Each structure stands twice: as C-alpha cells, then as structure tokens.
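Q: Fold the following.
(2 chains)
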Amino acid sequence: DTGVSQNPRHKITKRGQNVTFRCDPISEHNRLYWYRQTLGQGPEFLTYFQNEAQLEKSRLLSDRFSAERPKGSFSTLEIQRTEQGDSAMYLCASSLMDRESYGYTFGSGTRLTVV
Amino acid sequence: QKEVEQNSGPLSVPEGAIASLNCTYSDRGSQSFFWYRQYSGKSPELIMSIYSNGDKEDGRFTAQLNKASQYVSLLIRDSQPSDSATYLCAVKRTAGNKLTFGGGTRVLVKP
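A: Below you'll find the model as predicted:
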C-alpha cells in the first residue's frame, strides 16, 4: 500500500472556474477526511466520510463546495466558481474506525492557486 | 477563543537542547490528543497520541497531558536540526470524529 494519494499535486485556475480534486485513501481505511490549510495556519476541517456516507460538514464548506465518496473508495472534492480566497492546500486523510489511536494518515495534498 | 491554541513561534533552540511546545484546548469533552510534525511544503505526519493524564514517552519525544488544566505539551529531547518543522497539536472530542488542529508552532533547531 502506498498510502493516501491525492491528485493533482498542483492546480492553477482562473477565478470563476470549477475544479475537482481526487483522493485515494489507504485501501482498508473506512474513514476519509478533507481539510484545507492556508499558509501559517493549521489544517481546517471541511468534511468527512465513513464508507460512502458523508457524516459531517463544516460551516466553512459553502454551497460552492461538494464532496463525494462513491462506493466508499476514492473521494472527490469539487469547488465551483472558484474565488481567490479558495487558494490553499487541500489535504485528504484517512483512518480505520477502530484504530484511530493511530491518528490520521495524510496525503501529500493538492495546492490550489486561483488567479 | 480558538478551540485549540498554540504559540506560533518560532521557537529557537540550540542543537542538543530540549524543545518544549505547549497547546491548550477549550472543549472539556476532548478525549484524544495528537501531535503532528509538518515540514515546509509537506503534509502532517503523526508523532504521538496521548489519552490519559500524565506523560507518554516515545524515543526523544514526550507528550504530557493535563485534562484538568486543558493542557497538552510536547518535549523534544536532544533536538536535532532535522527536528526543525512546524508542530501541530490536534484534539478529538468524544462526540464527533474529526480532529481539530491548532495553528502550529514553528521550531528552529540551530546547529
């Protein structure tokens, strides 16, 4: 297993465009999390899935953001009508429900720049 | 008041010294506590977790938890230049499953 994989690593987009990121968690992990991190700040929680069910969404997640995890495997995070304030590192993490004492395993992230 | 607070630093320590990092949290329902290390441009990686009051040691790292004071700390003994990074404190409440992170403390270990 190669860990949590995120694609693309970098994305530059024009304001107003839509973008989609993908996260492939560790295969046996049933929980998947999305976080956003800006420079000099800690990761901010966006949403999480247990299997295919989206169980919690942050108030930070405006209606321009949507996430899916079809079949409880990979997940996608879509941002519609991007704004400059969306520029950040988007981190995906996964965990195994009964072994969260091991914490989350993070992917390398997708860095989004909105110009 | 932020849910998890850390001094942003930078905390500058000479090589071989002890680095002491502090974290306070606001939710008394928090039950699990984690320290992550994040190198510049990289993703966070787990260093330690702690659940019970007291100390927990792992190699050069010691985590300390005091739930009454809502305080968790991390000690790095014999600091090395490779320890230079941002250290993130994260807490998990009993209700809900997400980790809430502090803003991180930047540590600089000078040779």
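Q: use CA for all of it now, contacts and neighbours both
A: Noted.
Q: Please name the nearest non-neighbouring residue to the closest residue to chain A within chain B.
A: Using Cα to the nearest Cα, the single residue of chain B nearest to chain A is B:G103, 4.1 Å away. Nearest non-adjacent residue to B:G103, counting by Cα to Cα, 6 or more residues apart in numbering or on different chains: A:G42, 4.1 Å away.
Q: Wait, that neighbour touches B:L99, no?
A: No: using Cα atoms under 8 Å, A:G42 is not in contact with B:L99, being 11.1 Å away.
Q: Give me the more crowded residue out of these two.
A: Legend: neighbour count by other Cα atoms under 10 Å in any protein chain shown for A:G42 and B:L99, higher for A:G42 (25 against 22).
Q: residues contacting the more buried one?
A: B:L88, B:F101, B:G102, B:G103, B:G104 (Cα atoms under 8 Å, 6 or more residues apart in numbering or on different chains).
Q: Tell me how far the third one lies from B:I18.
A: Spelled out, that is B:G102. 21 Å (Cα to Cα, to the nearest Å).
Q: Looking at the contacts of A:G42, which two lie furthest apart in space?
A: B:F101 and B:G104 (7.9 Å; Cα to Cα).
Q: which of these two has more neighbours?
A: Taking other Cα under 10 Å, B:F101 and B:G104 do not tie; B:G104 has more neighbours (30 against 26).
Q: Look at the nearest residue in space to that one that is not next to it in sequence and report its pLDDT.
A: Spatially, and ignoring its direct neighbours in sequence, B:G104 is nearest to B:L88 (4.3 Å; Cα to Cα, 6+ apart). According to the prediction, B:L88 has pLDDT 98.
Q: How about B:F61?
A: 97.
Q: same thing with A:G72?
A: For A:G72, the model assigns a pLDDT of 84.
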